[in-house]
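Enquirer: turn this into a structure:
(chains A and B)
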Amino acid sequence: MNRRTLLALAAGALVAAATQAPLSASADALATIETNKVIRIAVPQDFPPFGSVGSDMQPKGYDVDMAKLIAEKLGVKLELVPVTSANRIPYLQTNKVDLVISSLGKNPEREKVIDFSTAYAPFFNGVFGPADVTVKDAAGLAGKTVGVTRGAVEDLELTKIAPADVTIKRYEDNNGTISAFLSGQVDLVATGNVVAAAILERNPPKRPEIKFLIKNSPCFIGLNKNEPALLAKVDAIIAAAKKDGALDAIAQKWLGAKLPADL
Amino acid sequence: MTYAFDYGWLADYWPVLLKGIGITVELTLVGGVLGVALGIACAWARALGPTYLRPPVAAYVELIRNTPFLIQLFFIFFGLPALGVRMGELQAANLAMVINLGAYSCEIIRAGIQTTPRGQFEAGASLGMSRIETFRHVVLIPALQRIWPALSSQIVIVMLGSAAVSQIAAEDLTFAANFIQSRTFRAFEAYFVSTLIYLALAILLRQALRGIGWGLFPKRSAR
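Expert: Predicted coordinates:
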């Protein structure tokens, strides 16, 4: 073998390695996970109650518990990878993680580049109020006073759908909206389920319960395209967790309410 | 600079601005009239009133003058409901402004009363006036005349300070500006227009107070 053939061989091997590597890595992610006995899951660490860092410096939250549940059901070790909302999809695409459990919403742009499991967490905004106020839809708000954070999505949506005789009080920030609700300055609030959960966490005298949805955008687990085996497995785990109450327990713990019936 | 100024939103949002102006003017009128009335009562109590009345009035004045207006407002609106006292945002805003101006104007008016020469009280008494009549005709009016410019400034300050009531969702001029800004994202234009309106309102208010001064006080010879 002369030097030229050696070089050509080396170059060929390099090219082969370069083109083969991602393919082989993503050939069957589920098999790789089961061989390595470890699953790498991207979770948020700056988005409570879905993911944050506790006082013991350990990640905690809805997404973290979901990741633990999946690793446990797969019988493998869990490796949590903290991500931000901007880099969570690139981490998946560059194969740094196997799954993204990071309060990920579904939209057509994302569906072009990654696959989604079934929904695992509720994420919506709507009108909340105490149990003794009966309101079922926007028309039922007539004559009531609703607090909302000025300029938020729910402010814009509520302004569109509310009947003319609803008094909408617009506060500067979520804190003002929460205070107005707790002090009885408004009958109801339009806000996100995460904000409502934050109110519930403080164990208030008035408990905000969902009256009707304004906009629903639940969270899904993200995974790479062409992974039918992993997708089927994740979906099966979610379905089982919904059935045996494991997911209800996580929702109760972090969002202060059971899963909505339609999830 | 590549920013293109756009005042097109004025066509859609002028009713919001107009309502905001109305509420700011209403707050200033109620706050100004009742606040000065409260100030006069407190100034009388602190300067000439019975001794048992002086400590509570002094406590009220110092409490209000040494805490932020915004905190007073939040306390009335968000805090008092815990004690079962719940009022709407306009009532809360009016009350906070009356209480606030009452305390500041008390001290301004008291300064005017305490610089009244002793002889003036004696002159009133020698004319056969009662203590109340003496206070009204002989003491209060000249005292107000002396401190009128300071009192006018304080009323203008309270009007401008009313911007804080937007924080409890009272829909005053500042609320209107914030509302328009968050719907159109035209921050410069929204705040520029509201600045001009506040400026015009403040100038009008000063002129009105000067007019009231001319009507209320006897003409003085030039000194």
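
Enquirer: from now on I want contacts and neighbour counts done on CA atoms only, so please keep to that.
Expert: Fine.

Enquirer: contact partners for the closest residue in space to residue A:197 that isn't next to it in sequence?
Expert: Distances taken as C-alpha to C-alpha, 6 or more residues apart in numbering or on different chains place residue A:255 nearest to residue A:197, at 4.8 Å, with adjacent residues excluded. Neighbour list for residue A:255: A:49, A:193-194, A:197-198 [criterion: C-alpha atoms under 8 Å, 6 or more residues apart in numbering or on different chains].

Enquirer: next: residue A:250.
Expert: Residue A:250 makes contact with A:62, A:65-66, according to C-alpha under 8 Å, 6+ apart.

Enquirer: what's around the nearest residue to residue A:93 once chain neighbours are set aside, how many residues?
Expert: Residue nearest to residue A:93 in three dimensions, not counting chain neighbours: residue A:224, with 6.6 Å by C-alpha to C-alpha, 6+ apart. For residue A:224, the count of nearby residues is 23 (other C-alpha atoms under 10 Å in any protein chain shown).

Enquirer: also residue B:118?
Expert: The local packing of residue B:118 (other C-alpha under 10 Å) involves 10 other residues.

Enquirer: how close does it sit to chain A?
Expert: As judged by C-alpha to the nearest C-alpha, to the nearest Å, residue B:118 and chain A stand 51 Å apart.

Enquirer: go on, residue B:92?
Expert: Separation of residue B:92 from chain A (C-alpha to the nearest C-alpha) stands at 11 Å.

Enquirer: wait, doesn't that residue sit right on residue B:77?
Expert: Yes: look at residue B:92 against residue B:77 with C-alpha atoms under 8 Å: they come within range, at 5.8 Å.

Enquirer: circling back: of the contacts of residue A:255, closest to chain B?
Expert: The shortest approach to chain B among the contacts of residue A:255 belongs to residue A:198, at 18.3 Å (C-alpha to the nearest C-alpha).

Enquirer: ends of stretch A:51-71, how far apart?
Expert: 17 Å (C-alpha to C-alpha, to the nearest Å).

Enquirer: phi, psi of the closest residue to residue A:144 other than its chain neighbours?
Expert: Nearest non-adjacent residue to residue A:144, counting by C-alpha to C-alpha, 6+ apart: residue A:166, 5.5 Å away. Main-chain torsions, residue A:166, degrees, to the nearest 10: phi -90, psi 130.

Enquirer: same check, this time on residue A:101
Expert: Phi and psi for residue A:101, reported as degrees, to the nearest 10, are phi -120, psi 90.

Enquirer: measure it to residue A:41 for me?
Expert: Taken as C-alpha to C-alpha, the span from residue A:101 to residue A:41 is 7 Å.

Enquirer: give me the common contacts of the two.
Expert: Both residue A:101 and residue A:41 are contacted by residue A:67, under the criterion C-alpha under 8 Å, 6+ apart.

Enquirer: now do the contacts for the residue lying closest to residue A:207 once chain neighbours are set aside.
Expert: The shortest distance from residue A:207 to any non-neighbouring residue, by C-alpha to C-alpha, 6+ apart, is to residue A:130 (5.4 Å). By C-alpha under 8 Å, 6+ apart, the contact set of residue A:130 is A:188, A:206-209.

Enquirer: and those residues as CSV, adding neighbour count, distance to residue B:87 and pLDDT?
Expert: Below are these laid out as CSV (neighbours: other C-alpha atoms under 10 Å in any protein chain shown; distance: C-alpha to C-alpha, whole Å; pLDDT from 0 to 100):
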residue, neighbour count, distance to residue B:87, pLDDT
A:188, 28, 17, 95
A:206, 15, 18, 87
A:207, 19, 21, 89
A:208, 22, 21, 91
A:209, 21, 24, 90
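
Enquirer: the residues you listed in strands, which ones?
Expert: Among the contacts of residue A:130, the residues falling in strands (DSSP state E) are A:188, A:209.

Enquirer: just give me the closest of the contacts of residue A:130 to residue B:62.
Expert: Checking those against residue B:62 with C-alpha to C-alpha, the nearest one is residue A:206 at 35.5 Å.

Enquirer: out of residue B:92 and residue B:77, which sits in the busier spot?
Expert: Legend: neighbour count by other C-alpha under 10 Å for residue B:92 and residue B:77, higher for residue B:77 (28 against 23).
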